[in-house]
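Undergrad: from the sequence below, what's the structure:
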Amino acid sequence: MPTTERLEAFIAAVESGAHAQAIEDYYTEDATMRENQAEPRRGRSALVAREQATLDRTASVVSTCVRPVFVNGDHVVIRWVFDFRFKDGKAMRMEELAWQRWEGERIAQEEFFYDPAQARPA
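TA: Presented below is the predicted three-dimensional model:
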């Protein structure tokens, strides 16, 4: 179960724009991530690489945690809003719920739930 301080530090890291570094610092080595019940991606290094590839396509990302954050033991739910500006000039706003299962002070499993129609840049 994450401490309040650890969870708040994770949220602060994401809101600061350090997305790939947050995965490195806050996820277990064998962590999984999946979106809208798709096949999970496995392993922290693969998760970091994919996140960095996404960031490499962006000019900027503004990440906002919409409070409250829900915590029940090892389970955490965070509502995120991401405003992307891509290098090609397009923009995209994504709102999602992230369900996390923590093992101690690290995220072992994360699932994102969002409307896929948002994933098309304007």
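
Undergrad: can we go C-alpha only for contacts and neighbour counts from here?
TA: OK.

Undergrad: before we move on, what SS does Ile11 have?
TA: helix (DSSP: H, G, I helix; E, B strand; the rest coil).

Undergrad: that one and Ala46: what is the separation?
TA: The gap separating Ile11 from Ala46 is 21 Å, by Cα to Cα, to the nearest Å.

Undergrad: same thing with Phe86?
TA: Taking Cα to Cα as the measure, Phe86 falls 22 Å from Ala46.

Undergrad: counting neighbours, go ahead and name the busier of the two.
TA: With neighbours defined as other Cα atoms under 10 Å, Phe86 and Ala46 compare such that Phe86 has more, 18 against 15.

Undergrad: can you tell me who that one pairs with across the strands?
TA: Here Phe86 sits in beta bridges with Thr58, as judged by DSSP bridges.

Undergrad: and it, how close does it get to Asp56?
TA: 9 Å.

Undergrad: how far away from the center of its chain is stretch 46-65?
TA: Computed by Cα atoms, centre = their mean, to the nearest Å, the chain-centroid distance of stretch 46-65 equals 9 Å.

Undergrad: for stretch 58-73, same thing?
TA: Counting by Cα atoms, centre = their mean, stretch 58-73 is centred 8 Å from the centre of its parent chain.

Undergrad: now the helices: where do they sit in the protein?
TA: 4-15, 19-26, 44-56 (DSSP state H).

Undergrad: out of those helices, deepest packed?
TA: Stretch with highest mean neighbour count among those: helix 19-26 (a mean of 18; mean count of other Cα atoms under 10 Å).

Undergrad: what's next to that one, contact-wise?
TA: Residues outside helix 19-26 that contact it (Cα atoms under 8 Å, 6 or more residues apart in numbering): 10, 13-14, 44-45, 47-49, 51-52, 105-107.

Undergrad: try it again with 7 Å
TA: Helix 19-26 is contacted from outside by 10, 13-14, 44, 48, 51-52, 106-107, using Cα atoms under 7 Å, 6 or more residues apart in numbering.
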